[in-house]
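S.K.: need a 3D model of the following:
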Amino acid sequence: MDNNANARIVKSVFFQFGLAIHQNDHQARRRFVEWAQNEIAVVPYFHKRILFSDEAHFWLNGYVNKQNCRIWSEANPQVYVETPLHPERLTVWCALWAGGIIGPYFFNNDEGHNVTVNGDRYRVMITNFFIPEWNNHDVQKLWFQQDGAICHTARATIDLLKDTFGDRLISRFGPVNWPLRSCDLTPLDYFLWGYVKSLVYADKPQTLDHLEDNIRRVIADIRPQMLEKVIENWTSRLDYIRASRGSPMPEIIFKM
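M.R.: As a prediction, this is how the structure comes out:
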């Protein structure tokens, strides 16, 4: 896909999250934003050196959990249905930074069937896929971010990530705390998953293999210039959350 086609699609993709922010979350979010902005003040390109990571479900029938995101696309506005008709889905992990995307990684068992992500499977992914892929990028001194999902924050997982990143770990129970319920600060939530889902169902895949191929193709087609804009948008979100004293963005919109 050429850059002009990418631009046309992203221009018409909007995301809205139903964030149930708790009262105590505001302070944690403010602390994180202040920390991040202080780091950027010292190292102006600090935000471009964070690997943001996350998982998402892709249902074969195109279902999107609207508690997490809503997507409208000029190219295929009728692709989503309200409830899943059957449980066939893929669970996908990626890490995104200004320089590229590591992934996708699909959580499957030995028979190739989708499986739930637990601590053991997450650590297998980190050890066998993510760390080798990260080393292949020949990029040092990156930070790694993950949210507070239980599979991410088990002691064995945190220890594994500390062995790789040291203090450059942004996570619940990590050296730098990631605030709960902050998908408005995760580029995979406010950009990647919605963007990919707006494209992969266009040819109405009928099998999980077809859907997986589409996911791989769409992610591979994302150009570095687009990721640069996504990460620059992250700094604007920091400004908003600091000004609003930790409140969530009311309409989580990423638009180019």
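
S.K.: show me the shaky parts of the stretch 1-150 of the chain.
M.R.: 1-23, 63-87, 138-139 (pLDDT under 70).

S.K.: can you give me the helices for this protein?
M.R.: 3-11, 25-42, 119-125, 131-136, 150-153, 155-165, 187, 193-200, 208-220, 224-243 (DSSP state H).

S.K.: most packed of the ones you listed?
M.R.: Stretch with highest mean neighbour count among those: helix 193-200 (a mean of 24; mean count of other Cβ atoms under 10 Å). C-beta: built from backbone N, CA, C; applies to glycine.

S.K.: quick one on the thing from earlier: indicate which one of the helices of the chain is closest to H57.
M.R.: helix 193-200 (9.2 Å; Cβ to Cβ).

S.K.: run the chain-centre distance for that closest one.
M.R.: 12 Å (Cα atoms, centre = their mean, to the nearest Å).

S.K.: which neighbouring elements make contact with that helix?
M.R.: On a contact count with 3 or more Cβ pairs under 8 Å, 6 or more residues apart in numbering; DSSP states H and E, helix 193-200 meets helix 3-11, strand 50-59, helix 208-220.

S.K.: of all the helices of the chain, which one comes closest to L90?
M.R.: helix 208-220 (6.0 Å).

S.K.: circling back to that earlier point, including distance to V176, could the helices of the chain go into a markdown table?
M.R.: Converted to a markdown table, the helices of the chain look like this (distance: least, Cβ to Cβ, whole Å):
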| stretch | distance to V176 |
| --- | --- |
| helix 3-11 | 30 |
| helix 25-42 | 7 |
| helix 119-125 | 19 |
| helix 131-136 | 18 |
| helix 150-153 | 13 |
| helix 155-165 | 10 |
| helix 187 | 17 |
| helix 193-200 | 23 |
| helix 208-220 | 27 |
| helix 224-243 | 14 |
